[in-house]
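Engineer: dropping the sequence and predicted coords here.
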Amino acid sequence: MMAILQELQRMGKTIIISSHILSELQTLCNRVAIIERGKLIYAGPVQGVRDHASSGRVVWVKVSSDQNRAIELLKARPEVSAAESEDDHVKVTLVNHDIDHSIIAETLVTGGAKLTELREDELGLEEVFLRVTRGETQ
């Protein structure tokens, strides 16, 4: 069934699917509507609902140099609301989704840190659904 839906998507066809298996849908859908108790909560692009559900863009950074120095550099930026160590990575939360996360790389490299990894955290549709509906459907 998924192969048929993917082929229809590739052909540019519009498909309307009602499902609670959100992990499968997130690879297939580019737009989503969330309805709770008969009320439309959100309708629009998948990325739009992800942005709506999270407080700020989260980026994970790994440096081969002094991690504490990297955190200091990042916290000094007004675009960064938080920078904290989690295992061997630094979790950086930007103030909002409009901020280009390349400022993180620029800040670290200019500050002398050796950047080895930078990746944006992306919420899955299940997590987004729970945040947007506040879990009231349970």
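Structural biologist: Ah, there it is. A quick note: this is a predicted structure, and the numbers were derived from the prediction, not measured.
Engineer: return the helix or strand in this protein with minimum mean pLDDT.
Structural biologist: Every helix and strand in the chain was compared by mean pLDDT, DSSP states H and E; the lowest is helix 46-53, with a mean of 69.
Engineer: strands of this structure, start to end?
Structural biologist: 31-36, 39-45, 58-63, 80-86, 89-94, 115-120 (DSSP state E).
Engineer: so what pLDDT did the most centrally placed residue in the chain get?
Structural biologist: Centrality entry for the chain: nearest residue to the mean C-alpha point is E122, 2.7 Å, by CA atoms, centre = their mean. Per-residue pLDDT puts E122 at 70.
Engineer: and A113, by the same measure?
Structural biologist: With respect to pLDDT, A113 has a value of 93.
Engineer: likewise L108?
Structural biologist: The score at L108 is 95. That number is its pLDDT.
Engineer: in space, what's closest to it - neighbours in sequence excluded?
Structural biologist: L115 (5.0 Å; CB to CB, 6 or more residues apart in numbering). Heads up, the C-betas are built off the backbone N, CA and C, glycines and all.
Engineer: same thing with E126?
Structural biologist: Per CB to CB, 6+ apart, closest to E126 is L22, 4.6 Å.
Engineer: list the contacts of the one you found.
Structural biologist: 124-126, 129 (CB atoms under 8 Å, 6 or more residues apart in numbering).
Engineer: picking that back up, right, and the strands of the chain - which one's nearest A105?
Structural biologist: A105 sits nearest to strand 115-120 of all these, at 5.7 Å, using CB to CB.
Engineer: buried stuff in that closest one?
Structural biologist: Taking 16 or more other CB atoms under 10 Å as the neighbour-count basis, strand 115-120 is seen to contain the buried residues 115, 118.
Engineer: tell me how far that strand lies from the chain's centre.
Structural biologist: The chain centroid and the centroid of strand 115-120 are separated by 15 Å, computed with CA atoms, centre = their mean, to the nearest Å.
Engineer: what of stretch 34-43?
Structural biologist: On the basis of CA atoms, centre = their mean, stretch 34-43 sits 21 Å off its chain's mean C-alpha point.
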